[in-house]
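In: Structure for this input, please:
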Amino acid sequence: MNKAENNGVWSGSWVAERLGVELVGDARLTGLLGLALRRNPKRAHLLVSNVLGKHVPQSPSVVYGHGLALGRRVRDLLGADDSDRAVVLGYAETATGLGHAVADGLATAPYLHSTRRPVAGVDPAGGFEEAHSHATSHLLLPEDAALLAGDGPLVLVDDEFSTGNTVLNTVRDLHARYPRGRYVVVALVDMRSAADAARLEDFAREIGARVDLVAAASGTVRLPDGVLEKGRRLVAAHESGAGGPQAGDGTGDPHPAGGDTLPERPRDPVARVDLHWPPGLPDGGRHGFTPGHRARLENALPAMAARLAEALPKGARRVHVLGFEELMYTPLRLARELEQITCAEVRYSTTTRSPVLAVDDPGYAIRSRLVFPAHDAPADGPGDRYAYNVAGAGFDAVAVVVDSAADTPDLHAPGGLLDRLAAHVPRVVLAVVPSYVPGPPRPAAPSGTGTTMLPEPLRGPAFSSYAAEEVGWLLQDLSDVALEAPTEEREEAVQSGGAHYAESLPVEYQPSEQYQELFRTALEASADRLAHAVGVVTDTVIAERSPRPVLVSLARAGTPVGVLMRRWARHRHGLDLPHYAVSIVRGRGIDANALRWLAAHHDPSDVVFVDGWTGKGAITRELASALAEFEAGDGVTGFDPEMAVLADPGSCVRTYGTREDFLIPSACLNSTVSGLISRTVLRGDLVGPHDFHGAKFYRELAGADVSAAFLDAVCARFPEVAGSVDAAVKELRAGDRTPTWAGWAAVERISEEYGIHDVNLIKPGVGETTRVLLRRVPWKILARAGSGPDLDHVRLLAEQRGVPVEEVAELPYTCVGLIHPRFTRGATGADGRAVNV
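Out: Residues are numbered from 1 along each chain as shown. Below you'll find the model as predicted:
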């Protein structure tokens, strides 16, 4: 509530006139701050920020912009190298959103905020007290304790820097646990006295660290003698009715000076909107928020804001997005996105546990308050909570955004927050974000299983851009090993028998902008079909294989499908299925050590192997042969060789989502759609008898990563296809799904017709043809006559590599890729393009 929105009156003048409080310093202070009073034995006055988004509804662009600007100043201060090593820590409850915006301004910094909500199973990595607050104890609950253990700069963010005591307490606690050489304190306003500033400098010298300060404005608060007692009397007078009744009586109404209340309006039912929050994405920084999480959120925001906009009344001119206590950043980003796509004036603030006197005067910062009971079962017991300056502010709709821990009966009960809002606002919308809770510790292998030498699965973000809970990689990290070789050299070595294709990696294809646009177009066009196929194959697995299957995807083409199946199970059935990725290599079999790990941690009969699609069925046969060999050698039984695939155009399996040969967009790209993981590697000098097969994590390609975007685009269609999936599964299970191996027969026929005489050089189907063009030396492409947009990307790649595309009238697949049958280095030109023979 700045002067422009308050008829040119400073929202601190009421307190200043009655208590003699003065703000002295930068000219910007009165634009950034107002004043209010509260019943607090430590400090009667309250500095009320106009740009924080806590007590005062404000444009979300203004709120977010202030945090971003501070973060960019910190980045300039630290320099690029130190900024990339920094961690940002925000303070609950008022600065959780500000701190997150500062982290965004640094661009590469992970973020954590303190919390007053203990979380079962998460041990605190630190804690401290806030001297002047009404609620003091802060916990630090990072999912990864190593987040605070580095030696890079720690950036501490609070809304105001008043005495410096909170920062001193924080640094004292953390420096004892995780000493480092540099701290940066960030605040909207620095209101310390000269003595407080000197105390911080002395403390920095004491611990031998550098402490910098970045603030949007600075000054001091001049307090006359006896202000605390005078403030207490003034609060008591207003609460007793001398200055107008207070909302603390439980009515929840704003109270003008004369004591009249705004009339309640008829209550409409609260509308609930499903944002389709990306599974596994943290709702904020309580347990840590990484740059990878940030990228996922950015991708998902437009669609989530659009769903929120659809739930608002048509023609709404003034809309408020109301966050919930520590949950500030997610509502802020939703509000800012909503501001970009609607014509309405959008404002943002959050509820709070801080009790403040409300006085309906333009010179006072808190003009109305709604009082309601806490609705998240707080650890310190029940109590009142507040929403300020919302009632009587002329909003046509309020969108309340809470986490699922706060979506309790108390939220919906008479007298609860939603009920209080509905009395004053024509439309109330509720959006619930899943409360992120770190998963349980990973199980250790039982003794005597033969797996004591095997490590735990690799997980993101340390290995892959997928969230940790999405998949565990039963692989070893070979990221530091040079394994890439030019495509023509690899092909020559493979065909000559001098090397196996799994002993090296192709150089990662970097798609052109034109090709990336083809991927985006294909994803938009096929998302419904993909979502439907994911639902069909997942529900078939649950119905026929195990009510709680253990998904084991064949890295890497199967892994995005495994993640999607896991998400469907959670979306449709509330199941949190384990998912692992393992290596299988044609001619070498499946990773036996991965099977041993799985057998030690799960019932093998619950394991379902997952792949993206079938071509001629080579991997299907390889899996069956490898499992039979493993059972004979290790004596472990129960693994089922029947794969589940998204698409089975080759008619090689019984469990599938579809038998159509269509473009699965994840086949268009390599690591950048598969969590930034390479294909798997099996080489004797790198993989020992007790090792998992290997793979690389291409961290350097993070800027081109669309793994999360692919998953989120498909998952967004889940609600739309649910009905058709039910019908399709029923029909599928009633029909004959016996594999005909028609694909294998077609490959043998093509091998003879084109004089190739090696089925391994024939790759049928859209997915396999794409792989030929990306990784091998292609000879020609056979395309079914009349094939449409599903082959646009194939035609583009073929054109780029100079490979002819031959239309064939009778072809069981949409397309087939033929690898050069007589390959030598001389079979390509100097530019590596294929030649016709």
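In: going forward, measure contacts and count neighbours with C-alpha atoms only.
Out: OK.
In: Tell me the strands beside the helix or strand harbouring Val211, with direction?
Out: Taking DSSP states H and E as the criterion, Val211 maps to strand 210-222. Here strand 210-222 is paired, per DSSP bridges, with strand 22-25 (antiparallel), strand 182-190 (parallel).
In: Can you give me every residue that contacts Glu160?
Out: Residues counted as contacts of Glu160 (C-alpha atoms under 8 Å, 6 or more residues apart in numbering) are 187-191.
In: Can you tell me which of the residues you listed comes closest to Leu154?
Out: For the contacts of Glu160, the closest approach to Leu154 (C-alpha to C-alpha) belongs to Ala187, at 14.1 Å.
In: is that closest one in a bridge, and if so with what?
Out: Asp158, Ala215.
In: what sits against it?
Out: Ala187 neighbours (C-alpha under 8 Å, 6+ apart): 157-161, 214-216.
In: Recalculate using a threshold of 6 Å.
Out: Neighbouring residues of Ala187 by C-alpha atoms under 6 Å, 6 or more residues apart in numbering: 157-160, 215.
In: and these as TSV, adding distance to Ser464 and pLDDT?
Out: TSV is the format used below for those (distance: C-alpha to C-alpha, whole Å; pLDDT from 0 to 100):
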residue	distance to Ser464	pLDDT
Val157	29	97
Asp158	33	95
Asp159	35	95
Glu160	38	93
Ala215	36	97
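In: Low-confidence ranges, the stretch 51-200 of the chain, go.
Out: The stretch 51-200 of the chain contains residues with pLDDT under 70 at 127-136.
In: so where do the helices sit in it?
Out: If DSSP state H, counting those that start in this stretch is used as the criterion, the helices of the stretch 51-200 of the chain fall at 60-85, 96-106, 165-177, 194-207.
In: For Arg353, which non-adjacent residue is closest in space?
Out: Spatial nearest neighbour of Arg353, excluding adjacent residues (C-alpha to C-alpha, 6 or more residues apart in numbering): Arg385 at 4.7 Å.
In: do the same with Gly415
Out: Once flanking residues are discounted, Gly415 sits nearest to Phe372: 6.2 Å by C-alpha to C-alpha, 6+ apart.
In: in what helix or strand does that neighbour lie?
Out: Using DSSP H and E, Phe372 falls in strand 369-373.
In: List of residues touching that strand?
Out: Taking C-alpha under 6 Å, 6+ apart as the rule, strand 369-373 contacts 252, 254, 383-388, 416-417.
In: and which of the residues you listed is nearest to Ile366?
Out: Nearest to Ile366 among the contacts of strand 369-373 is Tyr388, at 6.4 Å by C-alpha to C-alpha.
In: quick one: pLDDT of the closest one?
Out: For Tyr388, the model assigns a pLDDT of 97.
In: now do Ser447
Out: You'll see Ser447 listed with a pLDDT of 37.
In: Check the strands paired with strand 210-222 for me and report the most buried one.
Out: Ranked by mean neighbour count under mean count of other C-alpha atoms under 10 Å, these are led by strand 182-190, which reaches a mean of 23.
In: what separates that strand from the chain centre, distance-wise?
Out: 27 Å (C-alpha atoms, centre = their mean, to the nearest Å).
In: Kindly format the C-alpha coordinates of it as PDB.
Out: Provided in PDB are the C-alpha atoms of strand 182-190 (Å, rounded to 0.1, in the frame of the first residue of the first chain):
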ATOM      1  CA  ARG A 182      32.100 -15.100   3.500                       C
ATOM      2  CA  TYR A 183      28.500 -14.100   4.400                       C
ATOM      3  CA  VAL A 184      26.200 -11.700   2.700                       C
ATOM      4  CA  VAL A 185      23.200 -10.200   4.500                       C
ATOM      5  CA  VAL A 186      20.400  -9.100   2.300                       C
ATOM      6  CA  ALA A 187      17.300  -7.000   3.400                       C
ATOM      7  CA  LEU A 188      14.800  -4.700   1.900                       C
ATOM      8  CA  VAL A 189      15.700  -2.100   4.500                       C
ATOM      9  CA  ASP A 190      18.700  -1.700   6.800                       C
END
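In: can I get the helices of the stretch 51-200 of the chain in a markdown table with mean neighbour count?
Out: Shown next, in a markdown table, are the helices of the stretch 51-200 of the chain (neighbours: other C-alpha atoms under 10 Å):
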| stretch | mean neighbour count |
| --- | --- |
| helix 60-85 | 20 |
| helix 96-106 | 29 |
| helix 165-177 | 17 |
| helix 194-207 | 14 |
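In: hmm, back to that, let's see which of the contacts of strand 369-373 end up in helices.
Out: Filtering the contacts of strand 369-373 for membership in helices, criterion DSSP state H, returns Leu417.
In: Okay, strands next: where are they in the stretch 651-800 of the chain?
Out: For the stretch 651-800 of the chain, the strands defined by DSSP state E, counting those that start in this stretch occupy 655-658, 694-695, 762-764, 778-784.
In: The ones you listed into JSON lines, with extra columns for distance to Ala237, mean neighbour count and mean pLDDT?
Out: Shown next, in JSON lines, are the strands of the stretch 651-800 of the chain (distance: least, C-alpha to C-alpha, whole Å; neighbours: other C-alpha atoms under 10 Å; pLDDT from 0 to 100):
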{"stretch": "strand 655-658", "distance to Ala237": "70", "mean neighbour count": "26", "mean pLDDT": "94"}
{"stretch": "strand 694-695", "distance to Ala237": "71", "mean neighbour count": "24", "mean pLDDT": "91"}
{"stretch": "strand 762-764", "distance to Ala237": "83", "mean neighbour count": "26", "mean pLDDT": "87"}
{"stretch": "strand 778-784", "distance to Ala237": "85", "mean neighbour count": "24", "mean pLDDT": "90"}
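In: Distance to Asp84 for those strands - can I get that in a markdown table?
Out: A markdown table is the format used below for these (distance: least, C-alpha to C-alpha, whole Å):
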| stretch | distance to Asp84 |
| --- | --- |
| strand 655-658 | 43 |
| strand 694-695 | 25 |
| strand 762-764 | 43 |
| strand 778-784 | 41 |
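In: quick one: which of the ones you listed is nearest Pro438?
Out: Nearest of those (C-alpha to C-alpha): strand 694-695, 26.0 Å.
In: which residues are contacting the closest one?
Out: By C-alpha under 6 Å, 6+ apart, strand 694-695 touches 475-478, 678, 680-681.
In: ok, 8 Å please
Out: With contact meaning C-alpha under 8 Å, 6+ apart, strand 694-695 is reached by 475-479, 677-682, 686-687.
In: And stretch 103-110, by the same measure?
Out: 67-72, 74-75, 83-88, 111, 147, 288-291.
In: these two touch, right, Leu701 and Thr672?
Out: Yes: counting by C-alpha atoms under 8 Å, Leu701 does reach Thr672; the two are 7.1 Å apart.
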